[in-house]
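Novice: build me a model:
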Amino acid sequence: MQLSGETYESVRDAFRWQIPARVNIAEVIVGRHARATPTAPALIHVGDDGAPRVWTFAEIEEKASRLANALAALGIGRGMVVGVHLPQSPECLIAHVAILKRGGIVLPLFRLFGPEALRYRLENSGACAFITLNAEWARVRGDLAPLMAPDALATVITVGSASRPAHSFWHLVEGGAGEHATADTSSNDPAVMIYTSGTTGNPKGALHAHRVLYGHLPGVMLPQERFPQPGDRFWTPADWAWIGGLLDVLWPSLFHGVAVVSSTRAKFDPEWAFDFMGRHGVRNVFMPPTALRLMRQVARPRARFAYDVRSIASGGETLGADLIDWGQDAFALTFNEFYGQTECNLVVGNCASLFVVKPGSMGRAIPGHVVEIVDDQGRVLPPGTPGIVAVKRPDPVMMLEYWRNPAATAAKYRGDWLLLGDIAVKDEQGWFWFQGRDDDIINSSGYRIGPGEIEDCLGRHPAVRLAGVVGLPDAVRGEVIAAFIVLNEGFSASDALAVEIQTFVRDRLAAHEYPRIVRFIAEMPLTVTGKIRRKDLRGIG
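Specialist: As a prediction, the model looks like this:
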């Protein structure tokens, strides 16, 4: 799938989707390359010791086939959900390919999720198996014990030493046969499920088909400046459990036969990032906005680090003119912003080589996607009128459904328009300008976070009677999570209690979901129907 043309208009007008009727992601990202270019690097993994290990396409294919045979012996097959709770690593990629080979559904799980966040997603998805690090299994085993039953989470596979009832990842790989036929799947068969942020209530599983990979290719090609080009090598600090790490980097890069650089490093360090890109020959990067802001604080990076990056794309929030100007100074290139959501990703973006990047703009519709601004009834609004960002179906990046939630799926649409919920303006020339998002979404450090799951967790603390969660402005993170709490009788506000509540959430959900601000209030502002008035909470903040 190529983008031909020298202007945005010519690229858009010439573009046609080319999606096979029968396709399996495992075959197109690894299998075909293992046959055609077996010794080509697929993954360059940098371990904790800083030393790189090159994994070829042939190696990934063989290990994935062995694991797929082991999964078959465990009864895991077509249409079954398998949770993958691993950091960027060869094991993570091997697991994805093996599950897809079996015709299963990959459920990526963020490595920093706490036990409650994991349990909800595993239980809601009906996952039959869970692949994780041995240390993580030890941490969450007690909380997941209720799921360990027949017809539920029957299989646990751990990377590292394993004790019953868990299986050792590498023992399974070593014991499996070296060849496994890839399942014959339709482009519309389910392949991957990624949970949303949970803007209202609990997160929902956005189920995507094998076609979703093809749908992402134009949205990677443009913001990454006509990717791929000779010598390209891709890296992102984003976890592969998020749609940005998985479908904006890992799978599209491998589709094109371009090596991906990976690292298990959990905490982002800007000086390390500059050095890492230079040391490992990174040419293409997806970098969340918060990471770029942290990197901007590094003095004289071009004089200190030997990096040579060709393209950097960013998404999640507006970068602003100052950050884009800094990008020209630090990288001699223009950061290309893009836009999308878990349910329908990479539909709007920028490409500096095709058209002027206007600071503050989300970009223009990626060729192949019909994106408009509509009202709440799904009627297209004229240029310059604020409304809801919407994408017209059919579209290959559009989810199949919210998993086992037909009511929520139906509510996401108005006729043929999938409503992304964010408010924007489309100007006469086709540039989209972000105006705001629905009142619930918190955009912190590139993560789109819904308050529902956090409020539910806070409500289980014995001191909390009511909790309301909002985002408050922050110079580095964009927004920080703030929790406003009405205490139960017998509890008094204190700094120590605030820290205890923060720890309570961080240990149960994830490090990016705990409230960095905790404020105790006497009364929660509520609507007449009992809903929290988050606008009023922001006023308090």
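
Novice: and residue 37, how far from residue 259?
Specialist: According to C-beta to C-beta, to the nearest Å, residue 37 stands 11 Å off from residue 259. Just so you know, the C-beta spots here come from the backbone N, C-alpha and C atoms, and that holds for glycine as well.

Novice: those two: who's more crowded?
Specialist: Between residue 37 and residue 259, counted using other C-beta atoms under 10 Å, residue 259 has the larger neighbour count: 23 against 14.

Novice: surely that one meets residue 42?
Specialist: Yes - in this structure, residue 259 is within contact of residue 42 by C-beta atoms under 8 Å, at 6.3 Å.

Novice: show the pLDDT at the residue sitting nearest the centre point of the chain.
Specialist: For the chain, the residue sitting closest to the mean C-alpha position, by C-alpha atoms, centre = their mean, is residue 242 at 1.9 Å. Residue 242 carries a pLDDT value of 93.

Novice: same question for residue 202.
Specialist: 80.

Novice: likewise the one 3 residues further on?
Specialist: According to the per-residue confidence, residue 205 scores 97 in pLDDT.

Novice: again with residue 528
Specialist: Here the pLDDT value assigned to residue 528 is 52.

Novice: ok, the one 3 residues further on next?
Specialist: With respect to pLDDT, residue 531 has a value of 64.

Novice: ditto for residue 91
Specialist: If you check residue 91, the pLDDT there is 98.

Novice: tell me the buried residues in the biggest helix by length in the chain?
Specialist: For the chain, the longest helix by residue count, based on DSSP state H, is helix 57-73. In terms of neighbour count (16 or more other C-beta atoms under 10 Å), helix 57-73 has its buried residues at 57-72.

Novice: nearest to residue 525, of these?
Specialist: Taking C-beta to C-beta as the measure, residue 525 sits nearest to residue 71 out of those, at 50.6 Å.

Novice: quick check, the closest one in contact with residue 102.
Specialist: Yes - contact criterion C-beta under 8 Å: residue 71 and residue 102 qualify, at 5.4 Å.

Novice: which residues are common contacts for these two?
Specialist: Taking C-beta atoms under 8 Å, 6 or more residues apart in numbering as the contact rule, the neighbours common to residue 71 and residue 102 are residue 77.

Novice: ok, residue 509 to residue 202 distance?
Specialist: Separation of residue 509 from residue 202 (C-beta to C-beta): 12 Å.

Novice: how about low-confidence regions in this protein?
Specialist: 1-2, 149-151, 162-163, 198-201, 436-440, 527-531, 541 (pLDDT under 70).

Novice: and the strands in the stretch 301-450 of the chain, which stretches?
Specialist: All strands of the stretch 301-450 of the chain, identified by DSSP state E, counting those that start in this stretch, fall at 311-315, 336-341, 344-349, 361-365, 371-374, 387-392, 401-402, 413-414, 417-426, 432-436, 442-444, 447-449.

Novice: quick check: domain ranges of the protein?
Specialist: 1-21+213-368, 24-209, 442-540 (automatic domain parsing).

Novice: first to last residue in the last one, what's the distance?
Specialist: It refers to domain 442-540. End-to-end distance of domain 442-540 (C-alpha to C-alpha, to the nearest Å): 17 Å.

Novice: beyond the strand or helix carrying residue 507, next helix or strand please.
Specialist: Residue 507 belongs to helix 495-508 when assigned by DSSP states H and E. Per DSSP H and E, the first helix or strand lying C-terminal to helix 495-508 is strand 517-520.

Novice: now the strands for the stretch 151-300 of the chain?
Specialist: Using DSSP E, counting those that start in this stretch, the strands of the stretch 151-300 of the chain run over 155-159, 166-168, 190-195, 205-209, 234-235, 260-263, 284-286.

Novice: tabulate these in TSV, adding columns for mean neighbour count and distance to residue 347.
Specialist: Output for the strands of the stretch 151-300 of the chain, formatted as TSV (neighbours: other C-beta atoms under 10 Å; distance: least, C-beta to C-beta, whole Å):
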stretch	mean neighbour count	distance to residue 347
strand 155-159	23	35
strand 166-168	18	40
strand 190-195	25	16
strand 205-209	25	14
strand 234-235	26	21
strand 260-263	25	23
strand 284-286	26	16
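
Novice: of those, which is nearest residue 397?
Specialist: Per C-beta to C-beta, nearest to residue 397 of these: strand 205-209, 7.9 Å.

Novice: tilt between that closest one and strand 344-349?
Specialist: 80 degrees (axes from the mean of the first three to the mean of the last three C-alpha atoms, to 10 degrees).

Novice: what pairs with strand 205-209, parallel or antiparallel?
Specialist: Strand pairing for strand 205-209, using DSSP bridges, gives strand 190-195 (antiparallel), strand 401-402 (antiparallel).

Novice: can you redo those as TSV with distance to residue 164?
Specialist: Listed next are the strands paired with strand 205-209 as TSV, based on distance: least, C-beta to C-beta, whole Å:
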stretch	distance to residue 164
strand 190-195	28
strand 401-402	36
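
Novice: out of these, nearest to residue 110?
Specialist: Judged by C-beta to C-beta, the one of these that comes nearest to residue 110 is strand 190-195, at 9.2 Å.

Novice: which outside residues touch that closest one?
Specialist: Outside strand 190-195, the residues within contact range by C-beta under 8 Å, 6+ apart are 24-25, 79, 81, 100, 105-108, 121, 125, 185, 203-210, 212-213, 241-243, 246, 342, 400, 403.

Novice: of residue 509 and residue 202, who's got more company?
Specialist: Set side by side, residue 509 and residue 202 show more neighbours around residue 509, with 25 against 14, by other C-beta under 10 Å.

Novice: surely the more buried one meets residue 119?
Specialist: No - counting by C-beta under 8 Å, residue 119 is not a contact partner of residue 509; they are 10.8 Å apart.

Novice: tell me where the stretch 251-400 of the chain has helices.
Specialist: 251-255, 270-279, 289-296, 301-304, 321-331 (DSSP state H, counting those that start in this stretch).

Novice: who touches the shortest one?
Specialist: The one in question is helix 301-304. For helix 301-304, the external contacting residues (C-beta under 8 Å, 6+ apart) are 274, 295, 298, 307, 330.

Novice: stretch 381-397: end-to-end distance?
Specialist: End-to-end distance of stretch 381-397 (C-alpha to C-alpha): 23 Å.

Novice: repeat that for stretch 393-408.
Specialist: The first-to-last residue distance of stretch 393-408 comes to 17 Å (C-alpha to C-alpha).

Novice: same thing with stretch 192-208?
Specialist: OK, stretch 192-208 end separation, C-alpha to C-alpha: 5 Å.

Novice: number of residues surrounding residue 328?
Specialist: Neighbours of residue 328 using other C-beta under 10 Å come to 11.
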